[in-house]
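Engineer: Next one to model:
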Amino acid sequence: MLAEVEGKMNAEQYVDILNDHLLPSLAESGIDEEDIIFQWDNDPKHTSRRAREWFKEHNINVLDWPAQSPDVNVIEHLWGMLKKKLQAYENPPKGVWELWERVAVEWGKITAEDCQK
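Structural biologist: Residues are numbered from 1 along each chain as shown. The predicted structure follows:
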């Protein structure tokens, strides 16, 4: 699930995104929380006490990962794919809301096979 972030994200907003987007996404996929290993990148909001408590409360194991390491962070490849799709539009978005709509549409087109690449 795609989550919109306004302004600079902090630990509390990060945990809200986990509650509002990660958990429903897992449920929709039929995946038990205990069966996943979540990858985070040592960003302070990801490794905050509040976030660590949240993962512990939900019995979700985390995999430590180097901070800001795009060559080993798989999501960066998806961001690159999304950026190319957005650049393929003939006209630039007229504003932030149109950009967000395009992002949501293109994100929804990303397949499991795209993720596995």
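Engineer: contacts, neighbours, all on C-alpha from now
Structural biologist: Noted.
Engineer: Could you give the number of residues near Ala51?
Structural biologist: Neighbours of Ala51 under the rule other Cα atoms under 10 Å: 20.
Engineer: can you check Val15 too?
Structural biologist: Residue neighbour count, defined by other Cα under 10 Å, stands at 21 for Val15.
Engineer: what sits against it?
Structural biologist: When the contact criterion is Cα atoms under 8 Å, 6 or more residues apart in numbering, the partners of Val15 are 50-51, 54.
Engineer: Mind doing that once more with 7 Å?
Structural biologist: Taking Cα atoms under 7 Å, 6 or more residues apart in numbering as the contact definition, Val15 lies against Ala51.
Engineer: Now do the SS call for it.
Structural biologist: Per DSSP: H, G, I helix; E, B strand; the rest coil, the secondary structure class of Val15 is helix.
Engineer: Pro24 now?
Structural biologist: Here Pro24 is recorded as helix under three-state DSSP.
Engineer: roughly how far apart are it and Gln116?
Structural biologist: For Pro24, the distance to Gln116 equals 21 Å [Cα to Cα, to the nearest Å].
Engineer: Show me which of those two is the more surrounded one.
Structural biologist: In this comparison of Pro24 against Gln116, neighbours counted by other Cα under 10 Å, the higher total goes to Pro24 at 13 against 7.
Engineer: Check what pLDDT that one gets.
Structural biologist: pLDDT, the model's per-residue confidence, is 92 for Pro24.
Engineer: next one: Gln39
Structural biologist: Gln39 carries a pLDDT value of 82.
Engineer: In this structure it contacts Asp64, no?
Structural biologist: Yes. Applying Cα atoms under 7 Å, one finds Gln39 in contact with Asp64, separated by 6.5 Å.
Engineer: Compare neighbour counts for those two and give me the winner.
Structural biologist: Of the pair Gln39 and Asp64, Gln39 is the one with more neighbours under other Cα under 10 Å, namely 15 against 12.
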